[in-house]
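Enquirer: below is the structure, and that's it, no one-letter string:
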DNA sequence: AGTAATTTGTTCGTATGTATC
DNA sequence: AGATACATACGAACAAATTAC
């Protein structure tokens, strides 16, 4: 699985955004399902909570996912 | 009783964790009994709900207390 | 039997301050 | 000076378990 390179010129939040995008486009996380939670991603990739949120914000700005407080971050189906 | 200093260098959640630890070690809340509820602590000390949960998480990680949904946060007896 | 209230636990959203590059 | 990253704090919503009525 993809890992984060903290010394890369590409910002960490952008690296994670690409990883999450890959989960969606590959069908690993299909439409209607939720991405892994923010605390999980934070711990799993060894990055700060706020940085994960920033990565997810990228996908939200693109209309790829939508966050639902108390539930999760869900993939939008582009039907 | 102890108060929270919002301008201290020590994080609020750590200050509360120490106050709760004091309740336990002093015997004010003996083994088998529950700490004050999260909403109560939140209102009593003037801090956010999530910050109280974070403080309690510190004690849970140390095995000092255990949370029981619907009941409370109970002090573990160190027998 | 069933509804409501309380409590813990988990989630996302937003904001602030600090440090680093 | 600006972007990035981390830590902290607050806020709000939702679920599950328990208790009370």
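Expert: Noted; the coordinates are in hand. As the structure is a prediction and not an experimental result, all values here were calculated from the model.
Enquirer: contact residues of chain A facing DNA strand C?
Expert: Proximity of chain A to DNA strand C, by C-beta under 7 Å from any atom of the strand, involves residues A:34-35, A:37-40, A:49-50, A:53, A:56-57, A:60, A:66-73. Bear in mind the C-beta positions are built from the backbone N, C-alpha and C, glycine included.
Enquirer: those residues in helices, which ones?
Expert: A:38, A:39, A:40, A:49, A:50, A:53, A:56, A:57, A:60 (DSSP state H).
Enquirer: so which of these is the closest to DNA strand D?
Expert: DNA strand D has its nearest neighbour among those in residue A:50, at 4.1 Å by C-beta to the nearest atom of the strand.
Enquirer: what about the closest residue to residue A:55 other than its chain neighbours, how many residues nearby?
Expert: Take residue A:55 and drop its neighbours on the chain: the residue closest to it by C-beta to C-beta, 6 or more residues apart in numbering or on different chains is residue A:16, 3.9 Å away. Applying other C-beta atoms under 10 Å in any protein chain shown, we find 23 residues neighbouring residue A:16.
Enquirer: ok, residue A:16 touching residue A:48?
Expert: No. With contact defined as C-beta atoms under 8 Å, residue A:16 does not reach residue A:48; the gap is 10.9 Å.
Enquirer: what sits against the residue positioned nearest the centre of chain A?
Expert: Centroid check for chain A by C-alpha atoms, centre = their mean gives residue A:20 as the closest residue, at 4.0 Å. Each residue near residue A:20 by C-beta atoms under 8 Å, 6 or more residues apart in numbering or on different chains is listed here: A:35, A:55, A:56, A:59, A:65.
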